[in-house]
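1. Mind folding the following:
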Amino acid sequence: YQSQEQQHYFNTPYQLSISNDRLGVIQDRPSDADTTTLSIQKGDLIVMATDGLFDNMFQQQIVDRLQRIDRFAPSYEALKEAADKLAADARNLAMDEDYMSPFAMKAQHYGLN
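-> Next up is the predicted model:
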């Protein structure tokens, strides 16, 4: 399962903010967020991350990295190592000018180069 992005329009994600009635500022509240109830079971891994990960890595790349974890008896060290490697992978991919990231593909879809 992967939740859907919440955006007002391309590259304008929902964000908690206080606008002080400034013109043109989009103000989102916690109550604007989607909520979902899922059944989980032993062995499920839940990835919560920012757009820094999801803009730069495809879901399958993330899943492939997590396949190396013993899901039924993960150690703290193994989980931390996987999280650190995901962050490093995302950063390295973000710096690769030739990599067509999920974000770049969406930008291209909206006519942006």
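
2. what comes up buried for stretch 97-113?
-> Residues 101-102 are the ones in stretch 97-113 that count as buried (16 or more other Cβ atoms under 10 Å). C-betas here are computed from N, CA, C, even on glycine.

3. what sits up against it?
-> 10-11, 51, 54-58, 93-94 (Cβ atoms under 8 Å, 6 or more residues apart in numbering).

4. Kindly report the same for stretch 31-46.
-> When contacts are defined by Cβ under 8 Å, 6+ apart, stretch 31-46 is touched by residues 1, 3-4, 6, 14, 66, 69, 71-72, 74.

5. Now do the strands in the protein.
-> Counting by DSSP state E, one finds strands in the chain at the ranges 7-9, 12-13.

6. Run through the residues that contact the nearest residue to residue 68 once chain neighbours are set aside.
-> Of all residues not flanking residue 68 in the chain, residue 82 sits nearest, at 7.0 Å (Cβ to Cβ, 6 or more residues apart in numbering). Taking Cβ under 8 Å, 6+ apart, we find residue 82 in contact with 65-66, 68-69.

7. Let's have these in CSV, adding pLDDT, distance to residue 20 and neighbour count.
-> Converted to CSV, those look like this (pLDDT from 0 to 100; distance: Cβ to Cβ, whole Å; neighbours: other Cβ atoms under 10 Å):
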residue, pLDDT, distance to residue 20, neighbour count
65, 93, 41, 16
66, 95, 41, 17
68, 88, 47, 10
69, 92, 44, 16
